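Visitor: when you get a sec, could you give me coordinates for this:
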Amino acid sequence: MEVKLVSLTKSFITEKELTPEELIVYIARVSNPSNQLNSETSDKLIDYLIKNKHWSPFEMVDMTVEIITSRGIAQQILRHRSFSFQEFSQRYAEVTDFEPIQLRKSGATNRQSSLEVFNPMITKPNKDSFKADVLIQQHLKESEALYKKLLEAGTAKECARFVLPLTTQTRIYMKGSIRSWIHYLQIRCDEHTQLEHRQIANEILEILKLNFPNITKALSI
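Guide: Residues are numbered from 1 along each chain as shown. Purely as a prediction, here's the structure:
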């Protein structure tokens with residue numbers, strides 16, 4: 001898993017470029033032009049906007065991040081429809097990298113949740129038993145080998161990809177307004193989110209903290 005910042009909305013209002021957070025404040029003060037460049041009370045204004053749910057200024061600045069994750073987690077990310085996405089195409093390029101798989105016990109009451117890490121014994125049809133991580137690595141190697149053999153035989157990438165597991169690595173560019181990112185982080189930093197997805201959300205949160213310190217402070221996330 002890897003997350004990195006790709007771009008932030010730039011301003012061309014003054015000779016000195018405003019930070020993305022300053023730009024939000026500038027736009028929020030559209031009805032008070034003489035005070036638009038006053039940075040002394042920016043933190044108070046942002047706190048006021050968030051507490052009173054005045055979200056439109058936060059829609060004026062966009063942030064794009066690059067995410068490397070598994071196809072399984074990518075499916076969850078792509079469900080956030082207020083964002084724009086560009087994803088690595090398995091129809092166009094060959095893929096052979098896999099994200100690590102961590103096995104966790106199923107939650108007792110929530111069928112979507114998982115608990116502590118474990119590595120169960122799995123009995124195969126021939127009665128031989130192996131640790132799950134051994135069988136997983138074997139399965140991934142066999143999937144990768146079959147995928148490569150299909151390509152060597154002339155199979156189109158768009159067809160050969162169907163033998164690859166959900167842990168196959170993918171790359172996504174994800175762009176949204178700061179309002180959308182706030183909503184995303186409030187949902188996906190929550191402990192009920194799958195761990196692998198929550199790790200991504202926490203990395204994005206660190207990027208947001210660095211570039212929008214007053215916003216993240218006001219949100220208490």
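Visitor: report the helix or strand with the lowest average pLDDT across this protein.
Guide: Sorting the helices and strands of the chain by mean pLDDT, DSSP states H and E puts strand 114-117 at the bottom, at a mean of 89.
Visitor: can you show me the helices along the chain?
Guide: Secondary structure of the chain, counting by DSSP state H: helices at 20-28, 42-51, 71-77, 132-152, 157-160, 178-188, 195-211, 213-219.
Visitor: how far does the fifth one sit from its chain's centre?
Guide: In other words, helix 157-160. Between the centre of helix 157-160 and the centre of its host chain there is 26 Å, according to Cα atoms, centre = their mean, to the nearest Å.
Visitor: pLDDT at the nearest residue to Gln169 once chain neighbours are set aside, what is it?
Guide: Among residues not flanking Gln169 along the chain, Asp97 sits closest, at 4.1 Å (Cβ to Cβ, 6 or more residues apart in numbering). Heads up, the C-betas are built off the backbone N, CA and C, glycines and all. Asp97 is assigned 96 on the pLDDT scale.
Visitor: so how far is Tyr173 from Asp97?
Guide: As judged by Cβ to Cβ, to the nearest Å, Asp97 and Tyr173 stand 18 Å apart.
Visitor: of these two, which one has the most company?
Guide: Between Asp97 and Tyr173, counted using other Cβ atoms under 10 Å, the more crowded position is Tyr173 (16 against 12).
Visitor: ok, the closest residue to the more buried one other than its chain neighbours - how many residues close by?
Guide: Nearest non-adjacent residue to Tyr173, counting by Cβ to Cβ, 6+ apart: Gln86, 4.3 Å away. Look at Gln86: counted by other Cβ under 10 Å, it has 12 neighbours.
Visitor: over to Ile204?
Guide: Residues within reach of Ile204, counting by other Cβ under 10 Å, total 22.
Visitor: same question, Phe12
Guide: 7.
Visitor: pLDDT value on it, please?
Guide: 91.
Visitor: from Leu23, how far out is it?
Guide: Phe12 sits 10 Å away from Leu23, going by Cβ to Cβ.
Visitor: could you tell me the end-to-end distance of stretch 64-84?
Guide: End-to-end distance for stretch 64-84: 9 Å, by Cα to Cα, to the nearest Å.
Visitor: tell me the buried residues in that stretch?
Guide: By 16 or more other Cβ atoms under 10 Å, the buried positions in stretch 64-84 come out as 64-65, 67-74, 76-77, 80, 83.
Visitor: what of stretch 140-155?
Guide: 140, 143-144, 147, 150.
Visitor: can I get the residues you listed in CSV with pLDDT and distance to Met60?
Guide: Output for those, formatted as CSV (pLDDT from 0 to 100; distance: Cβ to Cβ, whole Å):
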residue, pLDDT, distance to Met60
Leu140, 97, 44
Ser143, 97, 45
Glu144, 97, 45
Tyr147, 98, 44
Leu150, 98, 48
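Visitor: which of the residues you listed sit farthest apart?
Guide: The largest separation in the buried residues of stretch 140-155, counting by Cβ to Cβ, is between Leu140 and Leu150 at 15.8 Å.
Visitor: check contacts around the closest residue to Ile46 other than its chain neighbours.
Guide: Leaving out its chain neighbours, the residue that sits closest to Ile46 by Cβ to Cβ, 6+ apart is Asn214, at 4.6 Å. Residues near Asn214 by Cβ atoms under 8 Å, 6 or more residues apart in numbering: 21, 42-43, 46-47.
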